[in-house]
Each structure stands twice: as C-alpha cells, then as structure tokens.
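A.B. asks: Return a 3D structure for these sequence lines:
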Amino acid sequence: KAHRLTIFFMVSQSSTVAALKGEALSALTSEGSGGERLPRVKATSDFELCRAVKDKGRST
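C.D. replies: Here you go, the predicted model:
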C-alpha cells in the first residue's frame, strides 16, 4: 500500500530538487507532522517527491 501526502512549499525557481527533498524530510520528521498515520522516514532516499503519471504505459 502506498501512502500519499501533499506538502506545499514556497520556494524560489532556483531551488534544487535536493533542497526540496531536504525541506520535505524536515516536514516529515518534525513534531506534529501526523504521528502514527505517516510512515517513518529517516533520509531523503526513503521517499519520492513525485512519480511520473503513466497513460497506457507511457509517461505523460
């Protein structure tokens, strides 16, 4: 089962994906981030920011 969660960030256009993943990790590991409802993450490699949507086997 996959967990889905939406987190919004205000960032500049020059922000890197690595910086965004760092912000997401900080949000996921902070106090009050959802407790038992969220899977535990310890590193940026434990989650994806997004996944390509496939339509008939092709990425859109």
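
A.B. asks: Give me the contact list for stretch 38-45.
C.D. replies: Here stretch 38-45 makes contact (C-beta atoms under 8 Å, 6 or more residues apart in numbering) with 3, 5, 18, 21, 22, 24, 25, 28, 29, 47. Where you see a C-beta, it was placed from the backbone N, CA and C, and this is true even at glycine.

A.B. asks: Quick one: distance of it to the chain centre.
C.D. replies: 9 Å (C-alpha atoms, centre = their mean, to the nearest Å).

A.B. asks: I figured residue 17 hits residue 50, correct?
C.D. replies: No. The criterion here is C-beta atoms under 8 Å, and residue 17 misses it with residue 50 at 10.2 Å.

A.B. asks: Looking at the two, which has the bigger crowd around it?
C.D. replies: A direct count of neighbours by other C-beta atoms under 10 Å for residue 17 and residue 50 places residue 17 higher, at 9 against 5.

A.B. asks: Could you check the pLDDT of that one?
C.D. replies: Looking at residue 17, its pLDDT is 88.

A.B. asks: got a list of what it touches?
C.D. replies: Residue 17 touches residue 49, counting by C-beta under 8 Å, 6+ apart.

A.B. asks: how far away is it from residue 58?
C.D. replies: Separation of residue 17 from residue 58 (C-beta to C-beta, to the nearest Å): 23 Å.

A.B. asks: sec struct for the residue nearest the centre of the chain, please.
C.D. replies: With distances taken as C-alpha atoms, centre = their mean, the residue of the chain nearest its centroid is residue 49 (3.8 Å). Applying DSSP: H, G, I helix; E, B strand; the rest coil to residue 49 yields a three-state assignment of coil.

A.B. asks: Which pair of the contacts of stretch 38-45 spans the longest distance?
C.D. replies: Greatest spatial distance in the contacts of stretch 38-45: 3 and 18, 22.1 Å, computed using C-beta to C-beta.

A.B. asks: Show me the shaky parts of this protein.
C.D. replies: Scanning the chain for pLDDT under 70 picks out the ranges 1-3, 32-36, 51-52, 59-60.

A.B. asks: now the helices for it?
C.D. replies: Secondary structure of the chain (DSSP state H): helices located at 17-29.

A.B. asks: And the strands in it, which stretches?
C.D. replies: 54-55, 58-59 (DSSP state E).
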